[in-house]
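J.: Structure here, sequence nowhere to be found:
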């Protein structure tokens, strides 16, 4: 929901281990009407049939840390049980309190795998990741910046320090260090921007993301 209190912007969708999977995703998006936002886990959610929504409801590596940020910001305990409940029932839901967005449009299984190069003759900008990023990211960053200006969310959390340049482009401001290591922030109008490490980055614990949530809450207070 663009009316959400917490927006999260990542680098790109996960998955996309094969071209067939990507084609299936795009075809499904077309069948659903090419909506700009979609429900993640509702009855017709785009991930509803994934293992994250089937017993025993395993915690997804990126989502669980995003949820830790939200729960901590709201003053709730980020127990595994609470995180699991939030993942299944509240994360990325239409009309909910959070909005999950990505800078780049195509899913990818990782930074060091590029499955689209075989199509570079038909679609030249898919030659390699740098060319694709240079082609797609500026337009997407402009769109995200316009959406933030229109909807004025209180909190925008950008994750993935390797894309700090693009987070500055979206915010239209320089970020400054906070009391937390590797976490920076900027305020533009009604919106607090925070950048943090990627939730799936190695060596980070849940305490890091809970501290980011507390930072959001503390910064919101008069």
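T.: Received it, and whenever you're ready, just let me know what you need. On a predicted model such as this, the values are computed, not experimentally measured, just so you know. Residues are numbered from 1 along each chain as shown.
J.: can you give me the mean pLDDT across the longest helix belonging to the chain?
T.: When the chain is parsed with DSSP state H, its longest helix is helix 129-151. For helix 129-151, the mean pLDDT works out to 97.
J.: name the helices or strands packed onto it?
T.: Applying 3 or more C-beta pairs under 8 Å, 6 or more residues apart in numbering; DSSP states H and E, one finds that helix 129-151 contacts helix 164-171. Bear in mind the C-beta positions are built from the backbone N, C-alpha and C, glycine included.
J.: what about residue 9, how many neighbours?
T.: As a burial measure, residue 9 scores 24 neighbours (other C-beta atoms under 10 Å).
J.: For it, give me its contacts.
T.: Counting by C-beta atoms under 8 Å, 6 or more residues apart in numbering, residue 9 makes contact with 101, 102, 103, 144, 156, 157, 158, 159, 167, 170.
J.: right, and the second one touches residue 15 too?
T.: To tie it back to what came earlier, the one meant is residue 102. No: look at residue 102 against residue 15 with C-beta atoms under 8 Å: they stay out of range, at 11.8 Å.
J.: lowest average confidence, helix or strand, in the protein?
T.: helix 19-31 (a mean of 91; mean pLDDT, DSSP states H and E).
J.: Would you check the distance separating that helix from the middle of the chain?
T.: Offset of helix 19-31 from its chain centre (C-alpha atoms, centre = their mean, to the nearest Å): 20 Å.
J.: Outside of that helix itself, which residues are in contact with it?
T.: So helix 19-31 is contacted by 15, 16, 35, 38, 46, 106, 107, 115, 116, 118 (C-beta under 8 Å, 6+ apart).
J.: Could you pull out the buried residues of that helix?
T.: 22, 25 (16 or more other C-beta atoms under 10 Å).
J.: do the same with stretch 109-128
T.: By neighbour count on 16+ other C-beta under 10 Å, the buried set for stretch 109-128 is 114, 115, 116, 126, 127.
J.: Who are the contact partners of residue 127?
T.: Residue 127 neighbours (C-beta under 8 Å, 6+ apart): 117, 120.
J.: For this structure, which segments count as strands?
T.: 6-10, 98-102, 155-159, 176-177, 184-188, 191-196 (DSSP state E).
J.: and those strands, which is most packed in?
T.: Comparing the strands of the chain by mean neighbour count (mean count of other C-beta atoms under 10 Å), strand 155-159 ranks first with a mean of 24.
J.: Name every strand pairing with it and say which way it goes.
T.: Using DSSP bridges, strand 155-159 pairs in its sheet with strand 6-10 (parallel), strand 191-196 (parallel).
J.: List the contacts of that strand.
T.: By C-beta under 8 Å, 6+ apart, strand 155-159 touches 5-10, 66, 69, 73, 148, 167, 170-171, 191-199, 212, 216, 220.
J.: For residue 119, which non-adjacent residue is spatially closest?
T.: residue 126 (5.1 Å; C-beta to C-beta, 6 or more residues apart in numbering).
J.: Can you read off the pLDDT for the one you found?
T.: We have a pLDDT of 96 for residue 126.
J.: I'd like to know how many residues surround residue 11.
T.: 19.
J.: swap that for residue 95, sorry
T.: Here the number of neighbours of residue 95 (other C-beta under 10 Å) works out to 9.
J.: Provide the backbone phi and psi angles at it.
T.: Dihedral pair for residue 95: phi 80, psi 10, per degrees, to the nearest 10.
J.: which residues does the nearest residue in space to residue 173 that is not next to it in sequence contact?
T.: Among residues not flanking residue 173 along the chain, residue 186 sits closest, at 4.3 Å (C-beta to C-beta, 6+ apart). Counting by C-beta under 8 Å, 6+ apart, residue 186 touches 171, 173, 174, 175, 176, 192, 193.
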